[in-house]
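Colleague: fold the following.
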Amino acid sequence: MSVVENSIEIDRPAATVFDYCSDMRTEVEWNPTAKTITLVTAEPVGKGSRYTARWSGLGQLSMEIVEYVRPSSWATETIGAAMPFRLVGTVVPRTSNLTRLTMRIEILPQGILKPLAPMIKLMMRRTATANVARIRKAIES
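Modeller: Numbers count the residues shown, from 1 in each chain. Just a heads-up that it's a prediction; the model follows:
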């Protein structure tokens, strides 16, 4: 398993940060590689919610929220992906209006992709750092 983790301070209450980030549909607003993300289960978003998504370079994937503890943490996992990954988000209030967001991506390459794990991790690290900055900008604006 390869892990990429980034944290950032966001000038918004923890519940606002959690609600925005735990709903995968918002990713198209801050991740330039996310092309479409659709909730395929009923509202509200929570544990068991499933999405279909299309990213540049990854194609179409299905994801499920496997952990959901509002307003502090959530985790999503790919379903049947060639290169499975898990995203864990953690939200920690610093003050009433300042929140620390940590996004942890656990990359689980299998088969012929396993030797590519170090290169995949390097690419993910670059994009993940930029993505948390874009998340902050989207939430604060």
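Colleague: distance of residue 140 from residue 17?
Modeller: Distance, residue 140 to residue 17, using CB to CB, to the nearest Å: 10 Å. All C-beta spots, glycine's among them, are computed from the backbone N, C-alpha and C.
Colleague: more crowded one of the two?
Modeller: More crowded of residue 140 and residue 17, by other CB atoms under 10 Å: residue 17, with 26 against 11.
Colleague: just want the most central residue of the protein.
Modeller: Closest to where the C-alpha atoms of the chain average out (CA atoms, centre = their mean) is residue 87, at 5.0 Å.
Colleague: so what sits opposite that residue in the bridge?
Modeller: Per DSSP bridges, the residues bridged to residue 87 are residue 76, residue 105.
Colleague: circling back to that earlier point, common neighbours of residue 140 and residue 17, please.
Modeller: Common neighbours of residue 140 and residue 17 (criterion: CB atoms under 8 Å, 6 or more residues apart in numbering): residue 10.
Colleague: and the strand or helix carrying residue 89, what's buried?
Modeller: For residue 89, the element it lies in under DSSP states H and E is strand 85-95. The neighbour-count check on strand 85-95 (16 or more other CB atoms under 10 Å) flags 85, 86, 87, 88, 89, 90, 91, 92, 93 as buried.
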